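quick one, structure for this:
(2 chains)
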Amino acid sequence: MTVLLIALGAAVGAPLRYLTDRAVQSRRGSAFPWGTLLVNVVGSLLLGVLVGWPAGPAVSALLGTGFCGALTTYSTFSYETLRLSTGGHRLLALANVLGSVAAGLAAATAGYAVARTLIG
Amino acid sequence: MPEPFEPRTDPDVDLGVPADRSELTTRPATVLAAIAAGGVLGALARAGLQHAVPHPPTGFGWATFTINTSGCLLIGVLMAVLGHLDGGPPLARPFLGVGVLGGFTTFSTYAVDVQQAIVAGTPGTALAYLAATLLGALVAVALGDAVTAGLLRRAAR
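Just a heads-up that it's a prediction; the model follows:
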């Protein structure tokens, strides 16, 4: 059952990352990877809420391990940083690293705190 | 032999690459299904590793660290191979890159693990995990890309 819930969450999360990335890129023509930053921050926020709540095993499997896990990505983040760096955008690469880690951590902290406060 | 590497920044989808731009209009269902299927496989592999090597909130998340660094090594390898093949088979990037590796690696678990280590009163572990994952991932992706590209160049000569 857990396996099925993880699979279901991932089957939605991974395509949603792709579609979000496309939508963001079609609106912003910049070299900075806003789309990946957005999915990573939103996924970190949601996972923070789930952990702070705390969600039961079924909801954690579906939304946490499955959806948030597949929506967010470290591989895309690291590859984009590499390409920015080797493509002459050293400053953007650094901004991507610092911005992603700071925003992801802030989002996880905010999600956790909000869930704790609301459910208490 | 010239290097046919694409000027791609985003391995998920890069609208600067013509094939990426058109793939969702030519066959949207196939592309999205390939991404979903790959994402399911990657997520299940991640869940299996995390289940096999659990860690307390005060401990170093070795499973997720290994998942993220190995996934970054593999995206470097994959994109170098696909770049060498002029993009490769049309569904290779959506299935393997966006799906399997995107679903395997995770930023949310990374961020929440760091946050949980801070909440648990072990900021040293939090900082070590934060920095080790970041450095490990960046070294891994650079290594995967450089070694693969180098090997392919040598093989092509």
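
ranges for the strands of chain B?
For chain B, no strands are identified by DSSP state E.

longest helix in it, please.
Ranked by number of residues, the top helix in chain B under DSSP state H is helix B:123-156.

chain A now?
Using DSSP H to define each element, chain A has its longest helix at helix A:90-119.

where does the prediction get shaky in chain A?
A:120 (pLDDT under 70).

name the residue of chain B that lies nearest to chain A.
Residue of chain B nearest chain A, by Cβ to the nearest Cβ: B:G39 (2.6 Å). Where C-beta positions appear, they are placed from N, C-alpha and C, glycine not excepted.

hmm, that residue is touching B:G102, no?
Yes. In this structure, B:G39 is within contact of B:G102 by Cβ atoms under 8 Å, at 6.5 Å.

shared neighbours, these two?
With contacts taken as Cβ atoms under 8 Å, 6 or more residues apart in numbering or on different chains, the residues that reach both B:G39 and B:G102 are A:14, A:70.

look up the closest residue to the residue positioned nearest the centre of chain A, ignoring the ones flanking it.
Centroid check for chain A by Cα atoms, centre = their mean gives A:N40 as the closest residue, at 2.0 Å. If you skip the residues right next to it in sequence, A:N40 has B:F107 as its closest partner in space, 4.0 Å away by Cβ to Cβ, 6 or more residues apart in numbering or on different chains.

tally of neighbours for the closest residue to B:L101 other than its chain neighbours?
Closest residue to B:L101 in three dimensions, ignoring its sequence neighbours and counting by Cβ to Cβ, 6+ apart: A:S75, at 4.5 Å. A count of neighbours around A:S75, defined by other Cβ atoms under 10 Å in any protein chain shown, yields 36.

can I assume A:S75 is in contact with B:G103?
No. Contact between A:S75 and B:G103 fails when scored by Cβ under 8 Å: they sit 9.6 Å apart.

what's in contact with the lowest-mean-pLDDT helix or strand in chain B?
Among the secondary structure pieces of chain B, namely its helices and strands, helix B:18-26 has the lowest mean (mean pLDDT, DSSP states H and E), a mean of 93. Applying Cβ under 8 Å, 6+ apart, the set of residues contacting helix B:18-26 from outside is A:22, B:8, B:13-15, B:31-32, B:87, B:90, B:94.

how does it look with 7 Å?
For helix B:18-26, the surrounding residues in contact (Cβ atoms under 7 Å, 6 or more residues apart in numbering or on different chains) are A:22, B:13-15, B:31, B:87, B:90.

what about the helices in chain A?
So, for chain A - with DSSP H - the helices run A:2-27, A:34-52, A:57-59, A:69-71, A:75-86, A:90-119.

nearest to chain B: which residue in chain A?
Counting by Cβ to the nearest Cβ, chain A gets nearest chain B through A:A14, at 2.6 Å.

give the contact list for the nearest residue to that residue once chain neighbours are set aside.
Distance criterion Cβ to Cβ, 6+ apart; nearest residue to A:A14, sequence neighbours excluded, is B:G39 at 2.6 Å. Residues touching B:G39, when contacts are defined by Cβ under 7 Å, 6+ apart, comprise A:10-11, A:13-14, A:70, B:99, B:102-103.

tell me the contacts of the residue nearest to the centre of chain A?
Shown in contact with A:N40 (Cβ under 7 Å, 6+ apart): A:72-73, A:77, A:100, A:104, B:107.

rerun that using 6 Å as the cut-off
Shown here is A:N40, whose contacts under the criterion Cβ atoms under 6 Å, 6 or more residues apart in numbering or on different chains are A:72, A:100, A:104, B:107.

you'd agree the last one is up against A:T72?
Yes. At 3.8 Å, B:F107 and A:T72 qualify as touching, with contact defined as Cβ atoms under 6 Å.

contacting residues around B:A47?
For B:A47, the set of contacting residues under the criterion of Cβ under 6 Å, 6+ apart consists of A:6, A:65.

many thanks, I have nothing further to ask.
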